[in-house]
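Visitor: This is a predicted model, with the sequence first.
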Amino acid sequence: MTESAVARRRIVVGVTGGIAAYKAVGVVRGFVLAGHDVQVVATDAALRFVGRPTWEAISRNPVETELYEGVAEVRHVAIGQSADLVVVAPATANELAKLAAGIADDLLGTTVLASTAPLVLAPAMHTEMWRNAATQANVAVLRARGVHIVGPESGPLTGQDSGPGRMSEPDEIVRAALAALADRDGTADLRGRRVLVTAGGTREPLDPVRFIGNRSSGRQGVALALAAARRGAEVTLVAANLDTGVTGSGPPAGLRVVSVGTAAELREAALREAGAVEVIVMAAAVADYRPEGVSESKIKKDDHGDRLELHLVRNPDILSELTAARRPGQTIIGFAAETEPGRDRQLELGRAKAERKGVDYLVLNRVGWTEGFSTPTNSVTVLDRAGAIVAEAEGAKGTVADRILDLLA
Ligand code: CTP
């Protein structure tokens, strides 16, 4: 996922020799899609599972493996010194033992020792090896040193066996690692908050091949979801037909994503998820009307001639339903896209909408043929429930997202 406003950090991903190395490709990809600069340090054993070209292609950087390469640049410590975050995935039982003892007989070992950045390990091994007293003692030593251990999870392992030892899913590792980074940076001001964000535009089908939609790309909503996750929140993104340009070629890392198509599906997902969150951000562009009936087969010109009449019926107002069912202490943020050019009239419409919908904050932005949609930037005014202007923001959608989230922190 491309998000220009994410502070680009230097992340070292150490890969050791376990079959879960293939899943670590997803970890590297997750960091890259979140906008970070990723340096893979692979052990020789890791390269027997997944080859160098894969790591280089996915990380978009050369892969370092050798202790005795780049000696003039003192590479064995430089990588660790410049890292903002070090993640080892998978971390084999052998690697945990080495790291617990501070052994530095390879490039990953020297990198970890030379780094003062948060260290996140994702163990992966067979259940017996994980449960072994030696491994458990090593993990305890590492934890006591402040190392973050993610997983392992319980589930099917490589052979016929099943149990604890399975490496956590890439998304979970990325989420935990970025949370550790935000904690270190002091930017995790939404830690412990659960946030629901809706993004994108709903599509109301007319027949199996056609729909009524809108121009929302989902960019601003996704930027909000990513910014909230980066600030420590647990984020669920209800995504309606996001533009491919927004999601890149993979799902957003570190978020739980629920995909929906129509307003009815978005409503169902939002009402279901709302009960479990402290914050709701309703950034999706929801169709106000849907076709009264959906044709089971393609609508044919021969059946209609020169004029085709469509009958539309009102969709429920999801935001109003959410505010009506608000949990105590829940904060609900609505959006209002207006084409009105005059600032005063726009504020007037926004104030009426904030009151009508019962939101805590209303993010007002101007849209038009050339404004607001599919652009990387946005310009918004945020009103509170009483209609007072509480924030104004302009710039990259990520920057705008952070300004909006500042109201919650
Ligand atoms: N919204 C919603 N359900 C709908 C329509 C809109 O939850 N059926 C939400 C949007 O997600 C947004 C807010 O309501 O957060 C305002 O959307 P907007 O389209 O600006 O307002 P409408 O209520 O549709 O009013 P109008 O289009 O008449 O200006």
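Guide: Structure received. Numbers count the residues shown, from 1 in each chain.
Visitor: Can you name every helix or strand that the lowest-mean-pLDDT helix or strand in the chain contacts?
Guide: Sorted by mean pLDDT, DSSP states H and E, the helices and strands of the chain end with helix 244-247, the least confident at a mean of 74. Where contact means 3 or more Cβ pairs under 8 Å, 6 or more residues apart in numbering; DSSP states H and E, helix 244-247 is packed against helix 219-230. The C-beta positions use only the backbone N, C-alpha and C, and glycine is treated the same way.
Visitor: average pLDDT for the helix it packs on?
Guide: When pLDDT is averaged along helix 219-230, the result is 91.
Visitor: quick check: angle from the helix or strand just after that helix to helix 219-230?
Guide: Counting by DSSP states H and E, the next helix or strand C-terminal to helix 219-230 is strand 234-240. Interaxial angle, strand 234-240 versus helix 219-230 (axes from the mean of the first three to the mean of the last three Cα atoms, to 10 degrees): 160 degrees.
Visitor: helices and strands around strand 234-240, which ones?
Guide: Short answer (3+ Cβ pairs under 8 Å, 6+ apart): strand 234-240 packs on strand 194-200, helix 219-230, strand 256-260, helix 263-274.
Visitor: Show me where the stretch 251-400 of the chain dips below the pLDDT cut-off.
Guide: Residue ranges of the stretch 251-400 of the chain with pLDDT under 70: 251-254.
Visitor: Quick check: the residue nearest to Gly159 when sequence neighbours are not counted vs the ligand, distance?
Guide: Leaving out its chain neighbours, the residue that sits closest to Gly159 by Cβ to Cβ, 6 or more residues apart in numbering is His126, at 7.7 Å. Going from His126 to the ligand by Cβ to the nearest ligand atom, to the nearest Å gives 48 Å.
Visitor: Between the helices and strands packed on strand 234-240, which one is closest to Leu364.
Guide: helix 219-230 (12.4 Å; Cβ to Cβ).
Visitor: What helices and strands are in contact with the closest one?
Guide: Using 3+ Cβ pairs under 8 Å, 6+ apart, helix 219-230 is in contact with helix 170-185, strand 194-200, strand 234-240, helix 244-247, strand 279-282, helix 397-406.
Visitor: closest one to the ligand among those?
Guide: Shortest distance between the ligand and these, using Cβ to the nearest ligand atom, is found for strand 279-282: 3.8 Å.
Visitor: Hmm, Asn138 and Pro123 touching each other?
Guide: No. In this structure, Pro123 is not within contact of Asn138 by Cβ atoms under 8 Å, at 9.7 Å.
Visitor: need the helices and strands packed on strand 234-240 in JSON lines with distance to Leu319 and mean neighbour count, can you?
Guide: Putting the helices and strands packed on strand 234-240 into JSON lines (distance: least, Cβ to Cβ, whole Å; neighbours: other Cβ atoms under 10 Å) gives the following:
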{"stretch": "strand 194-200", "distance to Leu319": "9", "mean neighbour count": "28"}
{"stretch": "helix 219-230", "distance to Leu319": "13", "mean neighbour count": "28"}
{"stretch": "strand 256-260", "distance to Leu319": "15", "mean neighbour count": "18"}
{"stretch": "helix 263-274", "distance to Leu319": "9", "mean neighbour count": "19"}
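Visitor: any chance of these in CSV, with distance to Ile149 too?
Guide: CSV is the format used below for the helices and strands packed on strand 234-240 (distance: least, Cβ to Cβ, whole Å):
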stretch, distance to Ile149
strand 194-200, 23
helix 219-230, 20
strand 256-260, 21
helix 263-274, 29
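Visitor: Distance to the ligand for those - can I get that in a markdown table?
Guide: Listed next are the helices and strands packed on strand 234-240 as a markdown table, based on distance: least, Cβ to the nearest ligand atom, whole Å:
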| stretch | distance to the ligand |
| --- | --- |
| strand 194-200 | 6 |
| helix 219-230 | 9 |
| strand 256-260 | 13 |
| helix 263-274 | 6 |
